[in-house]
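[1] below: sequence and its predicted model.
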Amino acid sequence: MAPVLLAVAHGSRDPAAATATRALLRLVRALRPELTVRCGFLDLARPSLAEVLARLSGARPVLVPLLLGAGYHIRVDLPAALATAGLPLTHLAPVLGPHPLLAEALADRLTEAGAPAGAPVVLAGAGSSDPTALADTARMADVLATRLGRPVTPAHLSAATPTPHRAVADLRAAGHPAVALATYLLSPGFFARRAATAPARWTGGPLAAHPAVARLILHRYDQARAAAGLPAAA
């Protein structure tokens, strides 16, 4: 049997975040109905990753982090959880971003918000004190710029600069009165609400249950499953 796809979400106090995660995983199941898909949270929501791993004892799942960039969780928390469960590191898939499928989803969210093709764009990531995570956001800005055919400015909602407010203000001061903001977050919650307060003319919503993100989750799962020599679903 193919290994279980265990999606690992960050977790939030906002129940809308867990609702969005579960809606996204319903899309994943619809794309691959023969595959068993489960979900655990790293913090602030249930079930915890440890709880799900305990329930799957003996199933040897592949963990797919629902994270947009590398950082402490991918370097420390997830390897520790695998070790505790007796699973090798090869059962951990890469983080979702950067990737062209995320650019597809971000572009669609901007279109849904009414942003025109020519508007300059700020990409608002969660932010981090980890330079690897910040570099991932900058790389995602480049991927989105390629998709849109115009420059994209990376910004950070916490722990780093520029903030989305600053990046939008700088573009307006440079002669762009109407700026679009792409929310580089998977789910609604505190950071998404902060992004929405930036003085952009158009603000795309979080990626949430977008079909391109669902396809990317399955792609990351397949990458890890094949690298670990695990069977595919029949």
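    Cool, the structure landed. Residues are numbered from 1 along each chain as shown.
[2] for the rest of this, base every contact and every neighbour count on C-alpha atoms.
    Noted.
[3] need the three-state assignment for the most far-flung residue of the chain relative to its centre.
    The C-alpha centroid of the chain is most remote from residue 175, which lies 31.7 Å away (CA atoms, centre = their mean). Assigned state for residue 175: coil (three-state reduction, DSSP: H, G, I helix; E, B strand; the rest coil).
[4] list the contacts of it.
    Neighbouring residues of residue 175 by CA atoms under 8 Å, 6 or more residues apart in numbering: there are none.
[5] what does the pLDDT read for it?
    We have a pLDDT of 96 for residue 175.
[6] could you list the residues in contact with the worst-scoring helix or strand of the chain on mean pLDDT?
    Within the chain, no helix or strand scores below helix 72, which has a mean of 86 by mean pLDDT, DSSP states H and E. Contacts of helix 72 with the rest of the structure, by CA under 8 Å, 6+ apart, involve residue 130.
[7] please repeat the previous calculation with a cut-off of 10 Å.
    Residues lying outside helix 72 but in contact with it, judged by CA atoms under 10 Å, 6 or more residues apart in numbering, are 78, 128, 129, 130, 132, 133.
[8] list the buried residues of the helix or strand just after it.
    Per DSSP states H and E, helix 72 leads on to helix 78-84 as the next helix or strand towards the C-terminus. For helix 78-84, a neighbour-count test (16 or more other CA atoms under 10 Å) marks 78, 79, 81, 82 as buried.
[9] tell me where the protein has strands.
    5-9, 37-41, 62-65, 121-125, 152-156, 180-184, 202-203 (DSSP state E).
[10] mind putting those in CSV, distance to residue 168 included?
    Formatted as CSV, these follow (distance: least, CA to CA, whole Å):
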stretch, distance to residue 168
strand 5-9, 29
strand 37-41, 33
strand 62-65, 30
strand 121-125, 7
strand 152-156, 9
strand 180-184, 8
strand 202-203, 11
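[11] possible to save those as TSV with mean pLDDT?
    TSV is the format used below for these (pLDDT from 0 to 100):
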stretch	mean pLDDT
strand 5-9	98
strand 37-41	97
strand 62-65	98
strand 121-125	98
strand 152-156	98
strand 180-184	98
strand 202-203	98
